[in-house]
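Novice: A predicted structure for the sequence below; I have some questions about it.
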Amino acid sequence: MQAVRRSIRLASFVAVAILGTACGKITIPANLNFDSSGTNEIAIQALGQTLALPLVGGISANVTVDTNKIFSPSGLLVTIAASDVRIAGPSQTFLGLETGTLCVRNNANDPTVASALVKLGKPITADFHFGVEATSTLIASLVPGGLLTLSQDVDNAPLNIDFGKILKLQIDGAITSNVVLMGQLPANVPILGGAPYTLTASLASSLKKAQGPLIDECAPFRAGS
């Protein structure tokens, strides 16, 4: 019965898309913010120690639905392209050093994007590409130019879309996803080069951009992107 309801909701969403535009692409702005009820952190393993840094913030993005592929056997294509990454983490002590506030912004040369194929009656998954630039007082002391570039992919992350909420224009919480991304710090980073890290994020859609003192503190860094 739940699968039937999901199919009905998806069919209703598709019908609205068709009525809204005969064919082509529909693009709407959206915010995917960290859900405080979930786990949001980056954990770095280095020199026998673990730096687990809690994260706040989120991503402002443009969500595009390609109605040209609405009847394609592969499914309805949905893409999410970040226009603004607003992520920050509090200062921590690591290896006896203060990290300073972590500030993360979108990388214009390697932007954060995601894509998903929506099929009737089937779970939705998304492929994420995470491309960002980060800084902190510790990064500034270790990396020439004070800028750390991270680029990593994760495939088939679960993506939940409540089409009932979307049809009622209830954007808050209509889209959710739990993403776990694993990678390594760039090899050219002194001391920490090649250290493995895990980024865990619980995302939920919102009408408002992520806000808070740490995000405000990072505003000058984001403005320099």
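Specialist: Yep, it's here.
Novice: How much space separates Phe128 from Gly193?
Specialist: Computed as C-beta to C-beta, to the nearest Å, the Phe128 to Gly193 distance reads 24 Å. In this view, the C-beta of every residue, glycine as well, is placed from N, C-alpha and C.
Novice: Those two: who's more crowded?
Specialist: Using other C-beta atoms under 10 Å as the criterion, Phe128 and Gly193 rank with Phe128 on top: 22 against 14.
Novice: Can you show me the helices along this structure?
Specialist: 2-20, 137-142, 163-167, 213-217, 219-223 (DSSP state H).
Novice: Ser115 contacts Val78, doesn't it?
Specialist: Yes - between Ser115 and Val78 there is a contact under C-beta atoms under 8 Å: 7.0 Å.
Novice: Ranked by average pLDDT, which of the helices of the chain falls at the bottom?
Specialist: Comparing mean pLDDT over these, the weakest stretch is helix 2-20, at a mean of 41.
Novice: re the thing from before, mind checking which of Ser115 and Val78 has more residues around it?
Specialist: Val78 (21 against 15).
Novice: And the lowest mean pLDDT element among the helices and strands of this protein?
Specialist: Using mean pLDDT, DSSP states H and E, helix 2-20 stands out as the lowest-scoring helix or strand of the chain, at a mean of 41.
Novice: the strands in this protein, which residues?
Specialist: Along the chain, counting by DSSP state E, strands occupy 25-34, 41-46, 49-54, 56-66, 76-89, 93-94, 97-98, 102-106, 113-118, 125-135, 148-161, 175-184, 196-206.
Novice: now stretch 178-191, how far from the centre of its chain.
Specialist: 16 Å (C-alpha atoms, centre = their mean, to the nearest Å).
Novice: Let me see the mean pLDDT of it.
Specialist: 91.
Novice: Go through that stretch and flag the buried ones.
Specialist: For stretch 178-191, a neighbour-count test (16 or more other C-beta atoms under 10 Å) marks 179, 181, 183-185, 189 as buried.
Novice: Nearest residue to Leu199 in space, please, no chain neighbours.
Specialist: Excluding its sequence neighbours, the residue lying closest to Leu199 (C-beta to C-beta, 6 or more residues apart in numbering) is Leu181, at 4.4 Å.
Novice: Pull up the gap between Leu77 and Thr112, please.
Specialist: According to C-beta to C-beta, Leu77 and Thr112 sit 18 Å apart.
Novice: before we move on, the earlier item: point out the most buried one among the strands of the chain.
Specialist: Stretch with highest mean neighbour count among the strands of the chain: strand 102-106 (a mean of 23; mean count of other C-beta atoms under 10 Å).
Novice: Where does pLDDT dip in this structure?
Specialist: 1-23, 67, 69-72, 166-167, 225 (pLDDT under 70).
Novice: So which residue is smack in the middle of the protein?
Specialist: By C-alpha atoms, centre = their mean, the chain has its centre lying nearest to Ile59, at 5.8 Å.
Novice: List the contacts of it.
Specialist: 31-33, 82, 84-87, 112, 203 (C-beta atoms under 8 Å, 6 or more residues apart in numbering).
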